[in-house]
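Q: could you work out the structure for the sequence below:
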Amino acid sequence: MSTFYGLPATGESVTLLTHLVVREDAHLLYGFATDPERRAFRQLLKISGVGPRIALAVLSGMSVGELIEAVAAQESGRLVRVPGSARRPPSGCSSS
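A: The predicted model follows:
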């Protein structure tokens, strides 16, 4: 949502960084305002059980900086509070 809220007025030009997810039944294109947002999205997709919907929910619920802090401090509690995220912490994270 941070990308959405940062869009310029209708008719003005905008540059978005994209990520294409190819599935058997669909091609899904995701857009990001910054490279750190897109990189964080891609890293989240590498986690078992995390798909595009959950990755977007995480990035809509906290900034990339907050995500990095939560992971570095192993604060899985911050991640599971994000709407739509998994209720169990990823392996390697402790609950805080």
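Q: and the residue of the chain most remote from its centre, what is it in contact with?
A: Centroid-distance maximum for the chain: G11 at 27.1 Å, with CA atoms, centre = their mean. For G11, no contacting residues are found, by CB atoms under 8 Å, 6 or more residues apart in numbering. (C-beta placed from N, C-alpha, C; glycine too.)
Q: again, but for S63
A: S2.
Q: could you pull up phi and psi at it?
A: Backbone torsions of S63, given as degrees, to the nearest 10, read phi -70, psi 170.
Q: what helix or strand is the residue farthest from the centre of the chain located in?
A: Taking DSSP states H and E as the definition, one finds G11 inside no helix or strand.
Q: what distance separates the start and the end of stretch 63-80?
A: 15 Å (CA to CA, to the nearest Å).
Q: renumber starting at 15 from here on
A: Noted, 15 is the first residue going forward, which turns the last one into stretch 77-94.
Q: buried ones in that stretch?
A: 78, 81, 84-85, 89-90, 92-93 (16 or more other CB atoms under 10 Å).
Q: just how off-centre is it within its chain?
A: 12 Å (CA atoms, centre = their mean, to the nearest Å).
Q: before we move on, what about stretch 39-56?
A: 8 Å.
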